[in-house]
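Student: coordinates for the following, if possible.
(chains A and B)
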Amino acid sequence: MLTVANLSKRFGGVHAVQDVSFTIPRGCVYSVIGPNGAGKTTLFNLISGLYTPTSGTIGFEGREIGGAAPDQLARRGMSRTFQNLQICRNLSAIDNVMVGAHLTLNSSMFAGMLRWPGLSRADRACRERAAALMERVGCGAFVKADAAAMPYGALKRLEIARALASEPKILFLDEPAAGLNHTETHGIQTLVADLARSGLTVVVVEHDMKLVMSVSDRILVLNYGRRLAEGTPGEIRENPEVIAAYLGADAEED
Amino acid sequence: MTHHPDQSLPGSRQSSILGSILGRSDARRTGAGRVVGLAALAAVVALLPLLLPNAFYFDVAIRIAILAVNGIALNLLMGYTGQISLGHAGFFGLGAYGSAVLTTHFGWTPLPALLAAAGLTAVIAWGVARVILRLRGHYLAMATLGLGIIISIVLGNEAAWTGGPDGMPVDGFSLFGLTLSGERQWYWVFGGLLIGTVVLAQNLIDSPAGRALQALHGSETAASVAGIDVGRRKIAVFVLSATVSAMLGSLSAHYSGYINPGIAGFLQSVELVIIVVLGGMASIYGSIFGAVVMGLLPQILAGYEGWDSVLFGVILVVTMIFLPRGVVPSLATRLRSARLAGKGGAAC
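Tutor: Prediction:
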């Protein structure tokens, strides 16, 4: 579904991502792990169009998307959440989710000003769907809340609801469990598994190994911007290079 | 579109500094609340003439309506979409002078002149927006400030067409042989215009397009990932806002019968910003409130020539310190929490 080949991104002299290649099959949960600064978020930003690749290609459903703007990628069925939350705090919680459904609605300014026939009805239906989505991801208690008044854990779920509102084919979750406690992390784990069962392709960047190992079909390990390993959770767990990168070189020698 | 969401770029500083004054939206207004607000406004507009003793007061009411429509236009850009403009009176001036020049020098009738001036302003706003809306925060403020000043200087220098700093007379507004005359007739034009603007603006704000504008104000990154073409939306709302101001400028030029470059000047632009900030960012009725205050102040301070500008500055500073969200949104929040507290008390 998504094929990344020889992808590189340089910031001045820093090689944030270097010559990374991998393929994400349709309908699987694909995780990207690696120590801090390994280039995981940069990789996400490259694929989701926030950064332009220095070199390399990104193919999505057989078409090259490297350098395409995020809003164009959204039209192709790509959506994501953010490690550092990108919530519209000037809107209510449910409006944030409805923003995610932007492409499914008539968003012409003239139609809006003139209350084009059907516009209000479509918007009401969208509001109901948004409420159902909030319920589904587990922040249904905040349907009537202002986004600015929501706690951190609920905002992480709100971002997932917004991403789902665009009815994506592929969903990128950037550290969905970061900053969450044990119970909340478990909730996210259940949610990711639930989304995967619905047929959605989910790509996860995450530090919580328990979550990664339990939900992933395949795992990509990055270190210093390079691909260190790729494989099933079982293969990754046994890989000596991965163990060395996480525990230090001594572990390899022992 | 390659900014790092993790890092604090110059643009994202806008959220900390301007963010404190760019208030929360009142998007969750219920349909019923909307109708009540609109009915109240219509009632005031309809009944006000009974209280106005003479033409002078009608003139004050008309000037307030003009300020209110202009404030709402700017609020769409500034309060809802979060793009500051310190040169908005320039577009008002373009519309006014467009109509004046076309009717005076070319013998056009007022309506085609108004439409042509609005169209020309829209094209200029579009061309400018494509360039300057790449800027954010303070840089956008500076660019729009410069734009407004350039427009008022051009209007002042092209004396052959505009009469220069002395200004020029403008004919009355006539349509199909009928000419609008007197403050009382014009009152209904501007009163109707105000109500119409409120309806259209609220429709827009409550629509998916309005939500997209507010979303890109909240987070451009989130908006673009949701499929919103942030650049195109910013340009569209800038052009809309400028065009409304231009049409308003045309009408008010015909109404006042005389215009000078001052109407496009920096002080007028600042006055509009004060209306938006004082009344409340992202609040339609806030802009009307701001317009009432700014329209009445010069009358109250009539004996103290020049001090009104000083007071405008004081109002802006005091509002930003004590009511950063503006008067109307702050009051609305206070009312809502008071009502909730009342309900809580009843439940106990």
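Student: buried sites along the helix or strand B:Ala201 falls within?
Tutor: Element membership of B:Ala201, judged by DSSP states H and E, is helix B:182-206. Under the neighbour-count criterion of 16 or more other Cβ atoms under 10 Å in any protein chain shown, helix B:182-206 has B:183, B:186-187, B:189-191, B:193-195, B:197-206 buried. (C-beta placed from N, C-alpha, C; glycine too.)
Student: which is the next helix or strand following it?
Tutor: Assigned by DSSP H and E, the successor of helix B:182-206 is helix B:208-218.
Student: show me what that following helix is in contact with.
Tutor: Under the contact criterion Cβ atoms under 8 Å, 6 or more residues apart in numbering or on different chains, helix B:208-218 has outside partners A:87-91, A:95-96, A:98-99, A:102, A:105-109, A:111-112, A:119, A:123, A:126, B:22, B:25, B:27, B:76, B:80-82, B:204-205, B:222-224, B:226, B:228, B:230, B:233-234, B:237, B:282.
Student: just checking, which of those belong to strands?
Tutor: Nothing among the contacts of helix B:208-218 maps onto strands, per DSSP state E.
Student: quick check, A:Ser8 in contact with A:Val14.
Tutor: No: if you go by Cβ atoms under 8 Å, A:Ser8 and A:Val14 don't touch, sitting 11.4 Å apart.
Student: so which of those two has more stuff around it?
Tutor: A:Ser8 (18 against 11; other Cβ atoms under 10 Å in any protein chain shown).
Student: direction included, what does whatever helix or strand that one lives in pair up with?
Tutor: Per DSSP H and E, A:Ser8 falls inside strand A:2-11. Paired neighbours of strand A:2-11 in the sheet (DSSP bridges): strand A:14-24 (antiparallel), strand A:55-60 (antiparallel).
Student: got the contact list for the last one?
Tutor: Residues lying outside strand A:55-60 but in contact with it, judged by Cβ under 8 Å, 6+ apart, are A:1-8, A:19-21, A:46-47, A:64-66, A:73, A:76, A:78, A:170.
Student: just want the most central residue of chain B.
Tutor: Chain B has B:Gly71 as the residue nearest its centroid, 2.4 Å off, counting by Cα atoms, centre = their mean.
Student: quick one: residues contacting the closest residue to A:Cys28 other than its chain neighbours.
Tutor: Leaving aside its chain neighbours, A:Cys28 sits nearest to A:Asp217 (3.9 Å; criterion: Cβ to Cβ, 6 or more residues apart in numbering or on different chains). When contacts are counted by Cβ under 8 Å, 6+ apart, A:Asp217 touches A:Pro25, A:Cys28, A:Val29, A:Tyr30, A:Ala196, A:Thr232.
Student: one more: B:Val198?
Tutor: Here B:Val198 is in contact with B:Leu38, B:Leu41, B:Ile72, B:Ile284, B:Tyr285, B:Ile288 (criterion: Cβ under 8 Å, 6+ apart).
Student: hmm, back to that, distance of the residue nearest to A:Cys28 from B:Gly148?
Tutor: As judged by Cβ to Cβ, to the nearest Å, A:Asp217 and B:Gly148 stand 58 Å apart.
Student: could you do A:Val203 as well?
Tutor: According to Cβ to Cβ, A:Val203 and B:Gly148 sit 47 Å apart.
Student: next: A:Arg124.
Tutor: A:Arg124 sits 41 Å away from B:Gly148, going by Cβ to Cβ.
Student: could you list the low-pLDDT ranges of chain A?
Tutor: Confidence mapping of chain A against pLDDT under 70 gives the ranges A:248-254.
Student: need the pLDDT of B:Ser15.
Tutor: Here the pLDDT value assigned to B:Ser15 is 37.
Student: so what's the residue count around the residue of the stretch 101-250 of chain A found nearest chain B?
Tutor: In the stretch 101-250 of chain A, the residue that lies nearest chain B is A:Gly112 (2.9 Å; Cβ to the nearest Cβ). A count of neighbours around A:Gly112, defined by other Cβ under 10 Å, yields 25.
Student: need the nearest residue in space to it, chain neighbours excluded.
Tutor: Leaving aside its sequence neighbours, A:Gly112 sits nearest to B:Ser207 (Cβ to Cβ, 6+ apart; 2.9 Å).
Student: show the backbone phi and psi for that neighbour.
Tutor: Backbone geometry at B:Ser207, expressed as degrees, to the nearest 10, gives phi -90, psi 170.
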